[in-house]
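>>> Could you work out the structure for the sequence below:
(chains A, B and C)
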Amino acid sequence: MATGLVITLAACSPGGNDGGETSGQDLSILIGSSGQAETDAVTQAAEAWAEETGNTVEVIAANDLVQQLGQGFSGNNPPDLFYMPWDQFQTYAGQGFLEPYADDLANADEFLPALREQFTYDDQFYCAPKDFSTLALQIDTAAWEAAGLTDADVPTDWDGLAQVAAQLTTDDTTGLVLGREYARIGVFMGQAGGGVGDADEVTADSPENAEALEYLQGLVEAGNLAYPQDVEAGWAGEAFGLGRGAMTIEGPWINGAMANDYPDREFISVELPEGPGGPSTFAFSNCWGIPAESDTRDAAIDLVEYFTSDEQQLAFAEAFGVIPSTESGSSAYAEQFPENAAFVAGVEYAQSPVAFAGAATAVTEFNASLETQGLADPAAVLGPFQENLQAAADKANG
Amino acid sequence: MTGTASGSRRGGGIRRGEARAGWLFVTPAVAIVGVFLAIPILLALWVSFSDWNGFRSPLNPNVNFVGLDNYAAITTDTGLDQRNFGRAVRNNLWYVVFVVPLQTIVALLLAVQVNRAVLRGRGFFRTAFYFPSVTSTVAIVVVFQFLFTASGAVNAVLGFFGINGPNWFNDPSGVFHNILAAVGVTSAPAALAESGPLGVTWWEWLAGPSVAMSSLIILAIFTTSGTFMLLFLAGLQNIGAEVDEAARMDGAGPVRTFFSVTLPMLRPTLFTVLTLGLIGSWQVFDQIYVLGGSTAGGTITTPAFLAYQTSFDDLKWGQGAAIAFILFVFIILLTLFQRWVLRERDPKGMGRGGRRAGRGGAADPRRHEPDAASAAVGADPADRALLTGADAREDGDAGPRDGSRS
Amino acid sequence: MTDLSTRSVVTGDGGRDAASARPTRRRRISPKARAGLWTSYLILIGLALIYIYPFILSIAASFKTDADATQNPLSLVPETVTFAAYERLFTGVPFTLWFGNSVLVAVVVTLGRVFFDSLAGYALSRLKFRGRSMVFVFFIGVLAVPGVVLLIPRFLILQQVGLYDTYAGMIIPLLSTAAGVFIMKQFFDSIPVSIEEAARIDGAGQFRTFWSVVLPMARPALVTLIILSFQGSWNELGHFIVSRQSPELNTLTTGVASLVSGQLGSGNQFPLQLAAAVLMTIPVAVLFFIFQRRIMNTTAGAEKG
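Model prediction:
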């Protein structure tokens, strides 16, 4: 299919400087990698494509994706293809940084509708969803058994979670280790029946959200919930890998990270427990961004098609755990990786984290306030969050 | 100083050749400094008045002039941008309040001890104290992160004394808040809960440096005290042992001698050290960058880092440039103040004049332009160091120059 | 654009010698003074330990395993000595590339500064030309500009002139500094004019006089400038953050910073980070100690005399 497309595209673009060449190009690809597993997999795939099509590629794993992207654009030298993080997409699209190419893709109609929507700005489908992930609950099976717990104890609601977290907590291990950020804590808001809303209606200071924070604060005070910083880990996955947390809440990338860094850690992923408002999780997706008016546009599009083919997406899934972004791909994934069924199941009730233009800054501020003030007084962190989001929303709505 | 005024010694032809050579010689330096320092500042000034979002050139026709909007966003308009700026100022202010006096005291202590007349191993001690100053900030931050992790060396040492050390670089709590919490005050009194300057509540303004910032304060003292120690050593040398001994003959104890004789005579050096410290402490960037900037709940972010982050990460280039310019003007004012004071001092013979006289080196040919030299205490840390170096050299005549001549 | 501490080798030179110029007195020491002296020693030794121990500890920890470094943070002796961190630095991390870039940049910048700054300093000190005072005032003004606010402006100009993300963009802006010009000017002000006058009468051109007569005399000031420039550009971080983005152009400072904050640093890989810190410190340390010995010699000489 890819080769067919090369011909089509080559035929409709007369070449020259309008980005029409699909071979002989030199592409730089900037990715925000979850670890060596992801970097290696993307590099291999890109090189395979390059060899097949007569291009050259360089895959760069960013230290700080957003900063490096910003510097690239401002320096007039953006990468030819890059991970566009979900929380920055609207900002970048709104600033006119992105090429709205996704409708030109041969597989444009195969993406999951929710993802297609996530990367649509001003009614234009900008960029192809790279893959997607949902959050699930990871349980360290050794710690689980050591605490005398069985399959029947897998928590399905908040009370159950609190109970097993207490049972799993020992001198060296905290029952649950969770990233202290909106992107994790936000799922509890959803489970409480809340959420922060969108640009049309911001609902960050709702009583449901306060209830969610109170619940978590209860776990913290009981000593059964800790943040990675508290246990000297860079992120929750590391704490989990090091055995400092018996449970964590992460996405499918946890598989690749564990396989690489902590191959001895045995664990399972289960669906997140329901809250008083029902089940909820987050769905995250990056898209493959192409800079506006790029010289290498067509070659980059060709590569995106290669990357987002079901076959390649399943290969990525195997390497670092993400779920394919196409309908057929994701169902194939569920069959192929039953141990990741929890992540796929989450699609049913997943929410998209808040992502309208300017929301990212408000989220950063919220994360900082979680760090400085903790959850003890939900109103103290949710109030400003509401204010800041509302201000961003007003600006985004123009 | 101009060619026409002083050229009478030589003929016109030579003078013309000299003028050509003069310009030829200064052109590369002027061009480099002009193109990469003066012009960029003008360009950034434009950006701070524009709505450039970081796409294409800031000079492209789609970029609009927005007046003072960017400045207003961080100073007068209520909102997140204002509060972030306010917090950065708060963070840096506490940093300055602690670093400047502490590094000066430590440097003075080191200098006085190293300067003891009958002390052996002076060279070794000087080297030991000065070494942290020559290593890269990046390396020092790596070392400090290792020392100050929750289970690191510092907390292990504190553990010997039964103290349960904090999680230094990750602890965003203000030290004053912590002290208050220890006596049971955990929330703001009503009067302080209201919003203070720059959208930050008075309670937050008064939080003190966060524990994370305190680690950076310790880092700063560790790395700068050696440099300032050398300045004090030079100052002490000028006072000379005689004065000290004379004072002691009069029966004054060492402590009293220090406070009533030595310290007043060190006043010019003390002033230099304090102002250099003041100027330098408002420019903290490297440490914050290496640590990731917005960690510890944003309590280590400084205006210098915020300017960078606002531009490069958030793509609000105008605002970033505006922050940089506010900082720029502020530091320039500090520098001008310093130059002004040093200038005032000279004629009275309190500063260099005094030192020069003490050495009996009135005929020193280097002193063509004493004003320029004292005025040349730049704001760039690198430049400052250079010039303080140049300063110090005047005091230590037995230096490499003389050595190499002999 | 670091804090001032990291930049000031020259002060080392200048401060040298507070002690040296003072005639040493070996008089009888009273018991009271002796007690004072011992107190001084105790204080100094205590302080010296605080200043040196972190470095020794870091070197020791770079030879430990990750777990050993985390669990025994205070011990100077690794449980088992391992070179794993160093191996990883040269195999898993492009450390050699970073090192090479740092050497390249520091060497070119140092040579450039020595040449351009001494040329300009000489002209400002000796040559009479119209506009000289203007140029002088320009440099004085520039001295007051704080380096850290130049990050955004430097990036903008490099982007405008198309030097962004190139070696040229990393090097050229650092090739001359107002402070360097001043040091050289001050130095030339201090040496007698007569020798050059003689050369001039010989009919040597301005540049030849400068190059073969004046510059050799300026060796002490040049040494100062070389050390400062090398150390300054070796330790520079800010400019290399904003003048490049390609990983191939990482210097030691930006590279090691990425080890700490980025993907590679996501674990507590203290030995790896410390090994990098140790290696990046060596060149500057060597320079410092060579220089320091020079100082010690003059100091010792003065004391004996």
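>>> Flag every residue of the stretch 101-250 of chain B that's near chain A.
Remark: the part of the stretch 101-250 of chain B in contact with chain A comprises B:Thr149, B:Ala150, B:Ser151, B:Asn167, B:Asn170, B:Pro172, B:Ser173, using Cβ under 8 Å from any Cβ of the partner chain. All C-beta atoms are positioned from the backbone trio N, CA, C, and that covers glycine.
>>> filter those residues to the buried ones?
B:Thr149, B:Ala150, B:Asn167, B:Asn170, B:Pro172, B:Ser173 (16 or more other Cβ atoms under 10 Å in any protein chain shown).
>>> how far away is the spatially closest residue to the fourth one that is not a sequence neighbour from A:Ala236?
The spatially closest residue to B:Asn170, leaving aside those adjacent along the chain, is A:Gln229, at 4.3 Å (Cβ to Cβ, 6 or more residues apart in numbering or on different chains). In this structure, A:Gln229 and A:Ala236 are separated by 10 Å, where distance is defined by Cβ to Cβ, to the nearest Å.
>>> just checking, A:Val187 is part of a helix?
Yes. Counting by DSSP: H, G, I helix; E, B strand; the rest coil, A:Val187 is found in a helix.
>>> what's around it, how many residues?
Other residues near A:Val187 number 28, with proximity taken as other Cβ atoms under 10 Å in any protein chain shown.
>>> which stretches of the stretch 201-305 of chain C form helices?
Secondary structure of the stretch 201-305 of chain C by DSSP state H, counting those that start in this stretch: the helices cover C:206-208, C:215-217, C:219-235, C:238-242, C:252-261, C:270-304.
>>> what about the last one, average pLDDT?
Along helix C:270-304, the predicted confidence averages to a pLDDT of 71.
>>> Compare A:Gln229 and A:Ala236 (neighbour count), which wins?
A:Ala236 (27 against 21).
>>> shouldn't that one be in contact with A:Gly245?
Yes. Counting by Cβ atoms under 8 Å, A:Gly245 is a contact partner of A:Ala236 at 6.8 Å.
>>> Identify the contacts common to these two.
Taking Cβ atoms under 8 Å, 6 or more residues apart in numbering or on different chains as the contact rule, the neighbours common to A:Ala236 and A:Gly245 are A:Val177.
>>> close to chain B, is stretch A:108-128?
No. Counting by Cβ under 8 Å from any Cβ, chain B is not contacted by stretch A:108-128; separation bottoms out at 15.3 Å.
>>> Report the buried residues of that stretch.
For stretch A:108-128, a neighbour-count test (16+ other Cβ under 10 Å) marks A:110-112, A:114-116, A:118-121, A:125-128 as buried.
>>> again, but for stretch A:153-171
For stretch A:153-171, a neighbour-count test (16+ other Cβ under 10 Å) marks A:Val154, A:Pro155, A:Trp158, A:Leu161, A:Ala162, A:Gln163, A:Val164, A:Ala165, A:Ala166, A:Gln167, A:Leu168, A:Thr169 as buried.
>>> Check stretch B:164-182 too.
Taking 16+ other Cβ under 10 Å as the criterion, stretch B:164-182 shows B:165-175, B:177-178, B:180 as buried.
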